[in-house]
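In: Predicted model and sequence below, questions to follow.
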Amino acid sequence: MTDTTTVGDLMGEAKRRAFKALAIFMGIAVYAGMLLYAGVHNYSLFVRGLREDLVIFALLGLFTMELSAVGLPLAIHFWTAPGVHRIAALAFYLADLALLAGNAVLDFHLNAGLPLTPWMRLYLDFMAPATPLLVGLMWSVLFILDPANRIRDMEMELAAAARMALANRIAEAAKAADVNEIVEGAAREMARDLVARAVGRPPRPLTAAKPSANGAAPEPDTERDDETRPIPKQLR
């Protein structure tokens with residue numbers, strides 16, 4: 001199969017790539033100019049509500065709005081997962097641009113001495129001072145909706161279910177006859193010790209039964225003297 005690409009095709013492809021790069025550069029420049037323009041109005045608006053010694057902190061609100069306008073598009077392209085996470089990021093990005101536009105329009109009216117409409121007055125009194133907080137809330141919601149959190153929650157649920165299943169199996173196994181015998185034997189030993197302490201006799205040390213060589217019943221590790229009191233073998 002022969003390659004039919006001509007010099008004209010190569011030149012056309014190179015021209016398309018050049019125009020594409022130019023368009024991307026111009027788009028980035030326009031976006032940066034928009035952020036600078038909005039930043040000037042946001043800074044002017046935030047400074048109005050602060051004392052002179054706190055004016056520097058107006059930059060915090062400015063950086064919150066501006067960095068969010070840069071970070072949200074990056075999050076949409078490289079972080080958010082398809083579904084609710086990405087839809088929320090898109091909605092928050094549009095809301096952030098709307099807040100930037102609202103602050104710019106409001107600051108323009110204030111600087112120009114134009115009358116404020118009722119909704120502008122409402123926005124100035126209750127929304128404009130809290131716009132950086134709203135942007136922070138948007139990012140908090142995005143972190144909560146991160147699919148990595150759902151995966152971690154599923155792992156924790158599976159681990160809890162496995163522990164619950166193991167506890168149920170242990171409870172069922174504890175009802176077996178051999179387990180009951182062990183518990184009853186331990187209870188008898190503890191009862192003998194308590195009675196011995198009550199009557200002033202030293203408690204007998206707990207001893208484990210040794211299995212016999214022929215597989216018969218376990219042979220106790222004690223022998224009895226004439227008074228039927230158990231005496232350890234090692235003391236005889």
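Out: That came through, no problem.

In: Would you confirm that residue 188 belongs to a helix?
Out: Yes: counting by DSSP: H, G, I helix; E, B strand; the rest coil, residue 188 falls inside a helix.

In: what about it, how many neighbours?
Out: 10 (other CB atoms under 10 Å). (Each C-beta comes from the backbone N, C-alpha and C, glycine too.)

In: got it, and residue 156?
Out: By the other CB under 10 Å criterion, the neighbourhood of residue 156 contains 10 residues.

In: now the one 5 residues further on
Out: Residue neighbour count, defined by other CB under 10 Å, stands at 10 for residue 161.

In: try residue 65
Out: For residue 65, the neighbour count with other CB under 10 Å is 24.

In: which stretch of helix or strand covers it?
Out: Following DSSP states H and E, one finds residue 65 within helix 58-78.

In: For the protein, which residues score under the pLDDT cut-off?
Out: Low-confidence segments of the chain, defined by pLDDT under 70, span residues 1-3, 5, 7-9, 177, 202-236.

In: can you pull out the helices in the protein?
Out: In the chain, the segments counted as helices under DSSP state H are 7-48, 58-78, 84-112, 118-122, 131-144, 147-173, 177-198.

In: What's the local residue count around residue 101?
Out: Look at residue 101: counted by other CB under 10 Å, it has 13 neighbours.

In: Could you do residue 166 as well?
Out: Once other CB under 10 Å is used to define contacts, residue 166 is seen to have 10 neighbours.

In: Quick one: residues contacting it.
Out: Contacts for residue 166 (CB atoms under 8 Å, 6 or more residues apart in numbering) come out as none.

In: Nearest residue to the most centrally placed residue in the chain in space, ignoring adjacent ones along the chain?
Out: To find the centre residue of the chain, average its C-alpha atoms and take the closest one (CA atoms, centre = their mean): that gives residue 149, at 4.9 Å. Closest residue to residue 149 apart from its sequence neighbours, by CB to CB, 6 or more residues apart in numbering: residue 143 at 7.8 Å.

In: Next: residue 55.
Out: Using CB to CB, 6+ apart and skipping the chain neighbours, the partner closest in space to residue 55 is residue 47 (5.5 Å).

In: likewise residue 73?
Out: Taking CB to CB, 6+ apart, and ignoring the residues beside it in sequence, residue 73 has residue 93 as its nearest neighbour in space, at 6.5 Å.

In: ok, the one you found - how many residues close by?
Out: As a burial measure, the neighbour count of residue 93 was computed by other CB under 10 Å and equals 18.
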